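Student: predicted coordinates and the sequence they were generated for:
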Amino acid sequence: MTERDFRSLPPDLPVPVDDGAAGHLTGMELPPLALASTHGELDLREALGGLGVLYVYPRTGVPGQPSPAGWDDIPGARGCTPQSCAFRDARDAFAQRGAALLGLSAQTLDEQREFADREHIPYPLFADPELTLAATLGLPTFEVEARPLYKRLTLIAEAGRIAHVVYPVFPPDRNAEEILAWLDAR
């Protein structure tokens with residue numbers, strides 16, 4: 001069996017459509033919410049600071065473990081590693097704009113730590129296996145193999161409020177560029 005390349009995207013991925021599930025988020029206040037992260041337990045709102053980007057993704061691939069059955073056929077599911085690596089590679093550009101950078105998924109803290117170590121992700125990745133943020137803000141989710149996961153979206157927060165939402169995110173490896181362009185245009 002060949003090891004899957006989680007860092008690249010197949011050319012025939014289905015494109016997700018906007019189902020309206022994130023249309024209510026712009027303008028909402030971020031709740032003070034303590035969650036475990038790769039940098040210890042942090043308050044999500046405080047970690048985003050005055051200007052912050054939170055990209056939310058379903059799950060990263062794990063070397064040696066198969067993806068869920070049909071994963072590549074689910075619109076918007078595949079691409080968490082390329083998305084995270086693009087944000088990682090653009091970290092300095094976000095810092096130059098004064099924007100904090102955070103990631104979040106429904107994966108466990110151990111899974112997030114393994115991924116952050118493997119891919120050298122220097123900023124906090126939050127573990128939210130109970131989908132607490134989804135329940136608080138009404139974020140879109142889906143279920144695969146009886147496991148609830150986040151749908152991919154990106155939030156830009158300013159002064160504790162959601163200023164901009166990208167949903168759906170496609171292609172995920174271009175999301176960091178898209179967010180940087182939005183920050184520059186505002």
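Tutor: That came through fine.

Student: residues contacting residue 148?
Tutor: By C-beta atoms under 8 Å, 6 or more residues apart in numbering, residue 148 lies in contact with 106, 131, 141, 142. The C-beta positions use only the backbone N, C-alpha and C, and glycine is treated the same way.

Student: let me see the ranges of the helices in the protein.
Tutor: 44-48, 80-89, 91-96, 109-119, 132-137, 175-185 (DSSP state H).

Student: show me the one of those helices that comes nearest residue 162.
Tutor: Smallest distance to residue 162 across those (C-beta to C-beta): 8.1 Å, for helix 132-137.

Student: now do the closest one, average pLDDT.
Tutor: For helix 132-137, the mean pLDDT works out to 98.

Student: buried ones in that helix?
Tutor: 132, 133, 134, 137 (16 or more other C-beta atoms under 10 Å).

Student: can you check stretch 42-53 too?
Tutor: For stretch 42-53, burial by neighbour count (16+ other C-beta under 10 Å) applies to 42, 44, 45, 47, 48, 51, 52, 53.

Student: can you pull the contacts of the third one?
Tutor: Spelled out, that is residue 45. 30, 31, 32, 33, 157, 160.

Student: look at the closest residue to it other than its chain neighbours and report its pLDDT.
Tutor: Setting aside the residues directly before and after it, residue 45 is nearest to residue 30 in space (C-beta to C-beta, 6 or more residues apart in numbering), at 4.5 Å. pLDDT recorded at residue 30 is 96.

Student: now residue 5
Tutor: Here the pLDDT value assigned to residue 5 is 67.

Student: quick revisit: a markdown table for the helices of the chain, including distance to residue 60?
Tutor: Below are the helices of the chain laid out as a markdown table (distance: least, C-beta to C-beta, whole Å):
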| stretch | distance to residue 60 |
| --- | --- |
| helix 44-48 | 19 |
| helix 80-89 | 5 |
| helix 91-96 | 17 |
| helix 109-119 | 5 |
| helix 132-137 | 17 |
| helix 175-185 | 14 |
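
Student: pLDDT weak spots in the chain?
Tutor: 1-6 (pLDDT under 70).
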